[in-house]
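Enquirer: Pasting the sequence and the predicted coordinates here, then a few questions.
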Amino acid sequence: MNLTESIILGVVQGLTEFLPISSSGHLVLFQHMLGFREPQLLLDVSLHLGTLLAVCIYFFPDLSRMTAKVWGLLGHGPQRPGSLREAMDDPDLAMVCWIVAGSMPTALIGVLFKDPLEMAFGSMSVVGVMLVVTGAILLATFRPAGKTSGRKQVGWARALGVGAAQGLAIIPGLSRSGTTIACGLLCGLDRELAGRFSFLLSIPAIVGALVLQLGSGGLEGVSLLSLIAGMAASTLVGLGALRVLMGVVRKGHLFYFTPYCWAVGALVWSLS
């Protein structure tokens, strides 16, 4: 895979990993229409590292606060909560607990159903249908102007629900960001919180997926320049896509992506 293809794949990864339009669905479409090969494993890992870096940069204030609070919880800070209930009163420690809880159903679904769900990658029709489903999920978040407030706490049940939604997004064509943010909104979460929780929850999921990829072996040789270029492209474009999407979520306009998902889904279906 040459340098130009690596950069293009990095741009596609950065855009589609965060915008609710399904990165897997677009990969299948580009492979079919442009003759792109699936990225070599080492390049694919670098592209995902780029999007992981984008999330960490964008949410660095959240991550630094949570890290400091966990460090303090372990007895290395000036103040240490006396009980779990007291710890949950701290919003940053509570977010850590909810991320851990939400990661459990994601991991369970990923381990038990990864192979059968990813077999759907070979079916253009499945990808097309799932893109249409993604559009319908996004449309379900539409609310008439007026009510903008929502729950300021994720809670255990909602964390598990959003985590399960993230696990199901293994299905190609089903957007991870769109499904998880929509699940949070439909569970009554505040818009900003739904977006933040979705992307913070993606961090352990991306790390886990990278570990599984590396553990599968088959690291083909890829030029260092291609790896750096693809990773840089996915990071920079991912940061821009994150900024755009969070703005869209705050305004309650996630459903704006519905027509695009339906159009791409219909295109993929017609090519199947």
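Expert: Sure, I can see it.

Enquirer: Tell me how many other residues surround the nearest residue to Gly167 once chain neighbours are set aside.
Expert: Among residues not flanking Gly167 along the chain, Ile109 sits closest, at 3.0 Å (C-beta to C-beta, 6 or more residues apart in numbering). No exception for glycine: its C-beta is placed from N, CA and C like everyone else's. Close neighbours of Ile109, defined as other C-beta atoms under 10 Å, add up to 19.

Enquirer: ok, now Leu214?
Expert: Leu214 - counted by other C-beta under 10 Å - has 13 other residues nearby.

Enquirer: Low-confidence stretches in this structure?
Expert: 1, 34-42, 75-87, 117-122, 145-149, 213, 215-222 (pLDDT under 70).

Enquirer: As a check, name the ranges of all helices in the stretch 51-200 of the chain.
Expert: Along the stretch 51-200 of the chain, the segments classed as helices by DSSP state H, counting those that start in this stretch run 60-71, 84-88, 91-118, 124-139, 156-168, 176-186, 191-215.

Enquirer: Chain neighbours aside, what residue packs nearest to Val268?
Expert: Gly128 is the one closest to Val268 (C-beta to C-beta, 6+ apart), at 3.8 Å.

Enquirer: Quick check: the one you found touching Ala266?
Expert: Yes - under the criterion of C-beta atoms under 8 Å, Gly128 makes contact with Ala266 at 7.0 Å.

Enquirer: Comparing the two, which shows the higher neighbour count?
Expert: Of the pair Gly128 and Ala266, Gly128 is the one with more neighbours under other C-beta under 10 Å, namely 23 against 14.

Enquirer: Name all residues that make contact with that one.
Expert: Gly173, Gly265, Ala266, Leu267, Val268, Trp269, Ser270, Ser272 (C-beta atoms under 8 Å, 6 or more residues apart in numbering).

Enquirer: can you put those residues in TSV and add distance to Asp89 and secondary structure?
Expert: Below are the contacts of Gly128 laid out as TSV (distance: C-beta to C-beta, whole Å; DSSP: H, G, I helix; E, B strand; the rest coil):
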residue	distance to Asp89	secondary structure
Gly173	41	coil
Gly265	44	helix
Ala266	49	helix
Leu267	50	helix
Val268	47	helix
Trp269	50	helix
Ser270	54	helix
Ser272	52	coil
